[in-house]
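*Asks:* With the sequence up front, the predicted model follows.
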Amino acid sequence: MEDNIKDAFNKVKEDINFLNNELLDIKTTMNDLHDIMKNLTIKLENNENQPSTDRQTDRHINTTDPVSSTHNTTVPQEVGGLKPLNIHTSIGNEGASTDRQTDTSTDSDMENLQFSTNYPTHNSHVNEQISMDSNIQEATEILDSLDSLKKEIRLKFKHLTSQEMLVFSTIYQLEEQGNSEITYKLLSTTLKLSESSIR
């Protein structure tokens, strides 16, 4: 009987130590997740602040003669009259062949090119987000299991009588003080109870 009580209290102590270790592991995991999220946030902010490389650049045509824009709403050229066309320097569309259509798209070569950059792509952000979500889900499941273990231990402690709780706490204190062997005799002298009442 004496050994049964001691074994029961040892099991409870092991459970408490296990829970403490699990909580420490969860805190470490949560800190790691926090650091990962912080780094991802910084990367995303840096990405948003960088100019996009997907934008098409404007074409600039160098001309020797000024060309009047047809989109000008103030129309200043009408005040001085329209300039005559410079027919001697321009051949119009006569230089470009328009009698045949092309079989392929002119930008198909660009579609086949794969650019290798050091910038994170959208897919890498998605993969990092999925990985982060799975880590958060795993941490949530661990926290839930720890909560259920805590509830179970609390329930077991609630069912202990006051004298059983006194014996348990005394055994715990004696072990913390470094007593290697805790006997009924030691407990009875410490608690000032008979050995049979402790059993």
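*Replies:* Sure thing, it's come through. Residues are numbered from 1 along each chain as shown.
*Asks:* Downstream of the lowest-mean-pLDDT helix or strand in the chain, the next helix or strand is which one?
*Replies:* None of the helices or strands of the chain scores lower by mean pLDDT, DSSP states H and E than helix 108-112, at a mean of 49. Downstream of helix 108-112, the first helix or strand assigned by DSSP states H and E is helix 122-158.
*Asks:* Using neighbour counts, pick out the buried residues of that next one.
*Replies:* Across helix 122-158, burial judged by 16 or more other Cβ atoms under 10 Å covers E128, N135, A139, I142. C-betas here are computed from N, CA, C, even on glycine.
*Asks:* Over to stretch 3-13?
*Replies:* I5, K6, F9, V12.
*Asks:* Contacts made by it with the rest, please.
*Replies:* Residues outside stretch 3-13 that contact it (Cβ atoms under 8 Å, 6 or more residues apart in numbering): I153, K156, V167, F168, I171, Y172, E175, I182, I198, R199.
*Asks:* how about 10 Å then?
*Replies:* For stretch 3-13, the external contacting residues (Cβ atoms under 10 Å, 6 or more residues apart in numbering) are 153, 156-157, 160, 164, 167-172, 175, 181-184, 187, 198-199.
*Asks:* And for stretch 146-165?
*Replies:* Outside stretch 146-165, the residues that touch it by Cβ under 10 Å, 6+ apart are 5, 8-9, 12, 15-16, 18-19, 22-23, 25-26, 166-168, 191, 193, 197-198.
*Asks:* and whichever helix in the chain runs longest with helix 122-158, angle?
*Replies:* Counting residues, the longest helix found in the chain (DSSP state H) is helix 2-49. Here the directions of helix 2-49 and helix 122-158 differ by 160 degrees (axes from the mean of the first three to the mean of the last three Cα atoms, to 10 degrees).
*Asks:* Quick one: mean pLDDT for helix 2-49?
*Replies:* Averaged over helix 2-49, pLDDT sits at 83.
*Asks:* now swap in stretch 180-194 and tell me
*Replies:* On average, stretch 180-194 scores 87.
*Asks:* Just the terminal-to-terminal distance for it.
*Replies:* Across stretch 180-194, the terminal residues are separated by 21 Å (Cα to Cα, to the nearest Å).
*Asks:* Stretch 179-198 now?
*Replies:* Here the two ends of stretch 179-198 are set 18 Å apart, with distance taken as Cα to Cα.
*Asks:* Would you mind listing the buried residues in it?
*Replies:* Applying a neighbour-count criterion of 16+ other Cβ under 10 Å, one finds I182, Y184, L187, S188, T190, L193, I198 buried in stretch 179-198.
*Asks:* Tell me how far K192 lies from I198.
*Replies:* In this view, K192 and I198 are 11 Å apart by Cβ to Cβ, to the nearest Å.
*Asks:* picking that back up, make TSV out of the buried residues of stretch 179-198 and add secondary structure and distance to N39.
*Replies:* Putting these into TSV (DSSP: H, G, I helix; E, B strand; the rest coil; distance: Cβ to Cβ, whole Å) gives the following:
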residue	secondary structure	distance to N39
I182	coil	50
Y184	helix	57
L187	helix	54
S188	helix	59
T190	helix	54
L193	coil	59
I198	helix	56
